[in-house]
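**Student:** Got a predicted structure plus its sequence, pasted below:
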Amino acid sequence: MENVVLVIHLILASSLIGAVLMQRSEGAGLGLGGGGGGPTGGRAAATALGKFTWLIAIGFICTSIALTIIGAQNASGSSVVDGLDLLPPAAEDGTTPDLGDSLLPPSGGDEPLIPSGN
């Protein structure tokens with residue numbers, strides 16, 4: 001199910017990119033080159049391509065939400081860190097294994113790693 005929604009999502013994403021690139025530029029989108037804004041300028045009538053772009057955008061948002069919900073259900077409380085072998089497994093009786101001093105910071109009486117003086 002996730003793969004089907006993902007494929008539809010990718011098709012919608014590429015269609016949305018194509019639809020936006022095919023539209024006519026408004027001219028003053030970033031304040032460049034003047035344009036039809038102002039008191040006499042009105043909003044142009046929606047074209048078929050503009051309506052199609054809105055339809056694709058709504059579908060893209062819906063598939064994004066669907067993929068988020070599917071991903072959250074598949075997570076099922078596990079973490080990526082659980083898959084890493086950072087610590088040895090716990091003993092059968094539920095006690096933690098003795099790790100020794102390997103994880104403790106060095107104390108003041110320990111010898112330095114680099115010998116001092118020549």
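**Tutor:** Thanks, I have it. Residues are numbered from 1 along each chain as shown.
**Student:** name the helices or strands packed onto the helix or strand containing Asn3?
**Tutor:** Using DSSP states H and E, Asn3 maps to helix 2-22. Applying 3 or more CB pairs under 8 Å, 6 or more residues apart in numbering; DSSP states H and E, we find helix 2-22 packed against helix 48-75. C-beta: built from backbone N, CA, C; applies to glycine.
**Student:** these two touch, right, Leu6 and Leu67?
**Tutor:** Yes: the pair Leu6 and Leu67 qualifies as a contact (CB atoms under 8 Å) at a distance of 6.5 Å.
**Student:** circling back to that earlier point, could I have the CA atoms of the helix holding Asn3 written out in PDB?
**Tutor:** C-alpha atoms of helix 2-22 as PDB (Å, rounded to 0.1, in the frame of the first residue of the first chain):
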ATOM      1  CA  GLU A   2       2.800   2.400   0.900                       C
ATOM      2  CA  ASN A   3       4.500   1.800  -2.500                       C
ATOM      3  CA  VAL A   4       1.300   2.500  -4.400                       C
ATOM      4  CA  VAL A   5       0.800   5.800  -2.600                       C
ATOM      5  CA  LEU A   6       4.500   6.700  -3.000                       C
ATOM      6  CA  VAL A   7       4.300   6.100  -6.800                       C
ATOM      7  CA  ILE A   8       1.200   8.200  -7.000                       C
ATOM      8  CA  HIS A   9       3.000  10.900  -4.900                       C
ATOM      9  CA  LEU A  10       6.000  10.900  -7.300                       C
ATOM     10  CA  ILE A  11       3.800  11.200 -10.400                       C
ATOM     11  CA  LEU A  12       1.900  14.100  -8.800                       C
ATOM     12  CA  ALA A  13       5.100  15.800  -7.800                       C
ATOM     13  CA  SER A  14       6.500  15.700 -11.400                       C
ATOM     14  CA  SER A  15       3.100  16.700 -12.800                       C
ATOM     15  CA  LEU A  16       3.000  19.700 -10.400                       C
ATOM     16  CA  ILE A  17       6.400  20.800 -11.500                       C
ATOM     17  CA  GLY A  18       5.500  20.600 -15.100                       C
ATOM     18  CA  ALA A  19       2.200  22.400 -14.600                       C
ATOM     19  CA  VAL A  20       3.800  25.300 -12.800                       C
ATOM     20  CA  LEU A  21       6.600  25.600 -15.400                       C
ATOM     21  CA  MET A  22       4.000  25.700 -18.200                       C
END
